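A.B. asks: I need the structure of the sequence given here:
(one chain, ligands or ions: 2)
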Amino acid sequence: DTMGLADRSGHDMSGMPGMVSVADLVADPGRPADVTVDLTASQGTVTLASGRTVEGYMFNGTSPGPLIEATEGDLVEVRVHNDDVEDGISVHWHGVDVPNAEDGVAGVTQDAIGAGEDHVYRFVVDDPGTYWYHSHQVSHTQVLRGLYGPLVVHPRGRPSAVDVMAVTHTYAGTRTLNGDEGVVTFGASPGAVARVRVVNTDNGAVQAWSSAPYRVLAVDGREVNEPTAVEGKRVSVPAGGRYDLEVTAPARIQIGSTALVVGDDDPGRAPQPRDELDMLSYGSPTALPFDASAPDRTFRYSIGRRPGFLDGKPGFWWSINGHLWPDIPMYVVDEGDVVVFEIENHSGEVHPMHLHGHHAVVLSRDGEEATGSPWWVDSLDVDDGETLRVAFVADNPGIWMDHCHNLKHAAQGLVAHLMYS
Ligand code: C2O
Ligand code: CU
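C.D. replies: Ligands and ions are numbered 1, 2, ... in the order given. Sure, this is the predicted structure:
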């Protein structure tokens, strides 16, 4: 099952001509792991860092689950055990462009890991950055109720600044930061430069801004080219998205209703800026590693809403190109293709679209061309009435989900797939 959509994407593609074999898609089985992690999923009463308890799911007895840290080039081996989650679980490495077999999508790349069962994931992390992991089984319930955690890939050989996690999540109506409510303090001496990794694990965007000027160092695990100081503007972090913000202590970063103080003194809450930083023009342009003006394939991807039946249930459902799930075409590509998606949204609501296994660069919005740093994303808000053009290279064979990360919308059918022929 993928998003609570029972087993309908559980195709066995192994016998199809032209498909790459699983052996081609996994890390060298003979190579020893550089980082080994044990993750045990369980169900029950979660005690948050704030001391509050909620009913939900945990990894290793906590929510968020443990921070997984690796260095670029490492082979990460995660041994997952599902203790007692009845619906089964899987673990998806959100934003890490892993080989398809390791993508952790129950019903597409593996079977769900049943209660009492084990599964081992092995993948090499090539791209330093901020990521997260979460269950991809009945996700709209399991993720929202706590089955997720952060993952950071550090660059090799570069000294790291003060590194701070800022994982935002809403439990039963209360927004938290690293499982805490209110203001979280990270002690740092004045003048210390910190990289604050904002990870949005919620169903909707969160606004973040700092009391002092800041820079956006990276988005979705990809560095911004020549980021400049931002003042009087907020960033909007889409559901599933990550923004790495650089601040100099003392600073207070507001993340929705929670805040992170970096430093020994709290500079106090700065009011929310009216203006949002536009990533389309932020930073400096630099050449793309492919020619986006000559795509091999262009797909129109129009999100709407219409009456119909989903799972035999009448309702007003999300549609893609006028179709309701599962009557949605796969976007079929060949390896090496330069692919353009033209994503339109006429549905009346914002959709944070997440493409698995790939990063796409935003080319334009409503015809306005990008002028800043290449803005690479794996999670992108598509507002109502908006048209975004994004491009990527089909360089990771397999079957990949492309869905709304408002996980309720995904469970309501806003799910497509990218497939290599
Ligand atoms: Cu973060 Cu398909 O998911
Ligand atoms: Cu949506």
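A.B. asks: got the residues of the stretch 201-350 of the chain near ligand 1?
C.D. replies: Contacts of the stretch 201-350 of the chain with ligand 1, taken as Cβ under 6 Å from any ligand atom, map to Gly240. Just so you know, the C-beta spots here come from the backbone N, C-alpha and C atoms, and that holds for glycine as well.
A.B. asks: what ranges in the stretch 201-350 of the chain fall below the confidence cut-off?
C.D. replies: In the prediction, the stretch 201-350 of the chain carries no residues with pLDDT under 70.
A.B. asks: could I get the full set of strands for it?
C.D. replies: With strands called from DSSP state E, counting those that start in this stretch, the stretch 201-350 of the chain shows them at 206-210, 215-219, 222-223, 233-237, 242-248, 251-255, 258-262, 275-276, 297-310, 313-320, 331-333, 338-345.
A.B. asks: let's have those strands in TSV, adding distance to Ser63.
C.D. replies: Formatted as TSV, the strands of the stretch 201-350 of the chain follow (distance: least, Cβ to Cβ, whole Å):
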stretch	distance to Ser63
strand 206-210	17
strand 215-219	25
strand 222-223	27
strand 233-237	19
strand 242-248	18
strand 251-255	17
strand 258-262	15
strand 275-276	29
strand 297-310	30
strand 313-320	28
strand 331-333	34
strand 338-345	31
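A.B. asks: ok, now which ones touch Asp74?
C.D. replies: Asp74 sits next to Asp34, Val35, Val124, Val125, Val153 when contact means Cβ atoms under 8 Å, 6 or more residues apart in numbering.
A.B. asks: quick check: buried residues in stretch 355-366?
C.D. replies: Leu355, His356, Gly357, His358, His359, Ala360, Val361, Val362, Leu363, Ser364, Arg365 (16 or more other Cβ atoms under 10 Å).
A.B. asks: so what's the residue in the stretch 151-300 of the chain positioned nearest to ligand 1 up against?
C.D. replies: In the stretch 151-300 of the chain, the residue that lies nearest ligand 1 is Gly240 (4.9 Å; Cβ to the nearest ligand atom). Residues in contact with Gly240 (Cβ under 8 Å, 6+ apart) are His94, Gly95, Asn200, Thr201, Pro352, His354, Asp378, Ser379, His405.
A.B. asks: in those residues, find the pair that's most separated.
C.D. replies: By the measure Cβ to Cβ, Thr201 and Asp378 form the most distant pair in these, at 13.9 Å.
A.B. asks: what does the protein put close to ligand 2?
C.D. replies: Residues of the chain that fall close to ligand 2, judged by Cβ under 5 Å from the ion: His351, Cys404, Asn406, His409, Leu414.
A.B. asks: list the contacts for the third one?
C.D. replies: In this structure, Asn406 makes contact with Asn203, Gly204, Ala239, Val350, His351, Pro352, Leu414, judged by Cβ under 8 Å, 6+ apart.
A.B. asks: for Ile328, state which of the residues you listed is nearest.
C.D. replies: Of all the contacts of Asn406, Leu414 has the smallest distance to Ile328: 9.3 Å, by Cβ to Cβ.
A.B. asks: which one of the residues in the stretch 251-400 of the chain is closest to ligand 1?
C.D. replies: Closest point on the stretch 251-400 of the chain to ligand 1, by Cβ to the nearest ligand atom, is His354, at 5.2 Å.
A.B. asks: residues in contact with that residue?
C.D. replies: Contacts of His354 by Cβ under 8 Å, 6+ apart are His94, Gly240, Asp378, Ser379, Leu380, Met401, Asp402, His403, Cys404, His405.
A.B. asks: alright, that wraps it up for me.
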